[in-house]
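>>> Return a 3D structure for these sequence lines:
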Amino acid sequence: MSKTLLVTDDAMIMREIIKDAAQESGWTIAGEAVNGQEAVERHAECQPDVMTLDLVMPEYDGLHALRNIMKKNPDAKVLIVSALDQQHVLKEALELGASDFIVKPFEKDRIVSALESLLSTC
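The predicted model follows:
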């Protein structure tokens, strides 16, 4: 079974950490995005099984991207991965359709577990 992932974060090191953890667990990286606008575009192009999405990014933030992704694909599986640990932002992301939320920094097994959990709900 294919497991495709779109990774969105403005920090290259964070994208690499997420990609490495996912690939070690058999995921195929469908694409990457460095801001919210790219995330919306790449999600439409790649149609990944799951995507990770940072909230704080330049140009177009994660909540704005999430809003647009969910408008186009209400069944999208979006894992928020952010250093922002504020209850109201977390709540808004979940209300907009995010499937789960992980606070940075995280252990590799935590992200893999979250990705696998989202895939099983497809």
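>>> tell me the contacts of residue 101?
79, 80, 81, 82, 90, 93, 94 (CB atoms under 8 Å, 6 or more residues apart in numbering). Just so you know, the C-beta spots here come from the backbone N, C-alpha and C atoms, and that holds for glycine as well.
>>> Quick check: pLDDT value at residue 1.
Looking at residue 1, its pLDDT is 62.
>>> again, but for residue 83
85.
>>> Around it, how many other residues sit close by?
Residues near residue 83, counting by other CB atoms under 10 Å, number 12.
>>> dump the residue contacts of it.
So residue 83 contacts 56, 103, 104, 105 (CB under 8 Å, 6+ apart).
>>> Which entries within those meet the buried criterion?
Among the contacts of residue 83, not one is classed as buried by 16 or more other CB atoms under 10 Å.
>>> Regarding the residue nearest the centre of the chain, what are the backbone dihedral angles?
For the chain, residue 52 is the residue whose C-alpha lies nearest the centre (CA atoms, centre = their mean; 1.2 Å). When read as degrees, to the nearest 10, the backbone of residue 52 gives phi -100, psi 150.
>>> Give me the pLDDT value at it.
Reported pLDDT for residue 52: 98.
>>> can you tell me which residues contact residue 66?
Counted by CB under 8 Å, 6+ apart, residue 66 has contacts 53, 78, 80, 93, 96, 97, 98.
>>> Quickly find the element holding it.
helix 62-72 (DSSP states H and E).
>>> what comes up buried for that helix?
For helix 62-72, burial by neighbour count (16+ other CB under 10 Å) applies to 62, 63, 64, 65, 66, 67, 68, 69.
>>> mind checking pLDDT for the first one?
pLDDT, residue 62: 92.
>>> Ok, the fourth one next?
On the pLDDT scale, residue 65 is placed at 96.
>>> Any idea what the closest residue to residue 45 other than its chain neighbours is bridged to?
Counting by CB to CB, 6 or more residues apart in numbering, the nearest residue to residue 45 once its immediate chain neighbours are dropped is residue 31, at 7.1 Å. Bridge pairing for residue 31 (DSSP bridges) gives the partners residue 6.
>>> if I pick residue 31, what's in contact with it?
Neighbour list for residue 31: 6, 7, 42, 45, 46, 48 [criterion: CB under 8 Å, 6+ apart].
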